[in-house]
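S.K.: Quick one: sequence plus predicted model below, questions after.
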Amino acid sequence: MIDHITFGVADFAAALRFYDAALAPLGLRRLLRFVDRVEVAAYGGTRPFFWIVDEAPVCGKLHIAFAAPSRAAVDAFHAAALAVRAADNGAPGLRPHYDPGYYAAFVRDPDGHNIEAVCRRPD
């Protein structure tokens, strides 16, 4: 099981705007922000598990999927991300080729990473 993930972003302010808005409908919020050699921010529910740092990305594009509590939360994630000018990478909808109940939406964050919200529960 993965405990947390950390990756660099090219524009820290843009990343904060994106993740603050896009993760809120999923019940996640920024829990920490500090400077430790570079600026750092961490998101989560009760504990931080998703970290971004203000440094140039050192890898290719990532695909990160966040579990959503409902299909409505997936829809809200997508709308919130688009409201802060994220690029649409897949409108909310069923993706039965992954799993019969797989309901997801995809956007690109400011660095071009594929960020997904998925609900596997029928609504």
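M.R.: Thanks, I have it. Because the structure is a prediction, the values reported are computed rather than measured. Numbers count the residues shown, from 1 in each chain.
S.K.: Show me the shaky parts of this structure.
M.R.: Along the chain, segments meeting pLDDT under 70 span 1, 58.
S.K.: Quick one: the helices in it, in order.
M.R.: Taking DSSP state H to define them, one finds helices in the chain at 12-23, 71-83.
S.K.: distance from the centroid: which residue in this protein tops it?
M.R.: For the chain, the residue at maximal distance from the C-alpha centroid (C-alpha atoms, centre = their mean) is residue 37, at 24.0 Å.
S.K.: residues touching that one, list them.
M.R.: Not one residue lies near residue 37 by C-beta atoms under 8 Å, 6 or more residues apart in numbering. Heads up, the C-betas are built off the backbone N, CA and C, glycines and all.
S.K.: and the closest residue to residue 93 other than its chain neighbours, how many residues sit next to it?
M.R.: Excluding the flanking residues, the one nearest residue 93 by C-beta to C-beta, 6 or more residues apart in numbering is residue 103, at 6.9 Å. Residues near residue 103, counting by other C-beta atoms under 10 Å, number 24.
S.K.: and the gap between residue 103 and residue 80?
M.R.: Per C-beta to C-beta, to the nearest Å, residue 103 is found 17 Å from residue 80.
S.K.: One more: residue 57?
M.R.: Residue 57 is 23 Å from residue 80, by C-beta to C-beta.
S.K.: Repeat that for residue 41.
M.R.: 17 Å.
S.K.: and residue 60, how many residues sit next to it?
M.R.: If you count neighbours by other C-beta under 10 Å, residue 60 ends up with 7.
S.K.: Check whether residue 51 really touches residue 38, as I assumed.
M.R.: No. Using C-beta atoms under 8 Å as the test, residue 51 is too far from residue 38 to be in contact (11.3 Å).
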